[in-house]
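Novice: just need the structure, nothing else, for what follows:
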Amino acid sequence: MGWKAAQKLIHHWKILRGDNVMIIRGKDRGETGTIKRVIRTQNRVIVEGKNLVKKHIKQGQGHEGGIFTVEAPLHVSNVQIVDPVTGQPCKVGIRYQEDGSKVRVSRGIGASGSIIPRPEILKIRVTPRPKTAGPKDTPMELVVEKTYDAKTGKGMPDL
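Specialist: Here you go, the predicted model:
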């Protein structure tokens, strides 16, 4: 990718995997679906069951060849998040709540201004956190041990 193409990449994504979106341009215009995958290096998303194309795949070792129907990526500018209250496509804004947490809100013409919840699929970790300490983990008694005292100077190296 050249520097010109890299300048056009979206840095702050407001559309996430698992969001309910409406396609606003293309052959599936007006249809809604769930985002299956986000391709950030190309500013594209794959919507589940939409933008289907025929793909000719050559036969190889371990897989059969033939003509398959696959979901093609859509540019992110051709989809909009569906407002959870009105069911209409809307833009996404960022607001901070009183407790300091950052939330996405619907904005634009005909938008309700309601909070767009984070998709449940993002809360599920692909690899679960380990419950037991591994061989490279620092023991807890070494972590909480106080090795330096600022008032007395204990723990300072002799230079």
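Novice: make it CA atoms for all contacts and neighbour counts henceforth
Specialist: Noted.
Novice: so Arg104 bridges to which residues?
Specialist: Beta-bridge pairing for Arg104 (DSSP bridges): Ile94, Ile116.
Novice: wait, it touches Ile115, no?
Specialist: Yes: using Cα atoms under 8 Å, Arg104 is in contact with Ile115, at 5.8 Å.
Novice: where does the chain have low pLDDT?
Specialist: Residue ranges of the chain with pLDDT under 70: 159.
Novice: all helices for it, in order.
Specialist: 3-7, 140-144 (DSSP state H).
Novice: now render these as a markdown table, adding mean neighbour count.
Specialist: Below are these laid out as a markdown table (neighbours: other Cα atoms under 10 Å):
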| stretch | mean neighbour count |
| --- | --- |
| helix 3-7 | 9 |
| helix 140-144 | 9 |
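Novice: what's the closest of the ones you listed to Ile57?
Specialist: helix 3-7 (29.2 Å; Cα to Cα).
Novice: contact partners for Gly49?
Specialist: Residues near Gly49 by Cα atoms under 8 Å, 6 or more residues apart in numbering: Gly33, Glu71.
Novice: possible to save the helices of the chain as JSON lines with distance to Pro89?
Specialist: Listed next are the helices of the chain as JSON lines, based on distance: least, Cα to Cα, whole Å:
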{"stretch": "helix 3-7", "distance to Pro89": "27"}
{"stretch": "helix 140-144", "distance to Pro89": "50"}
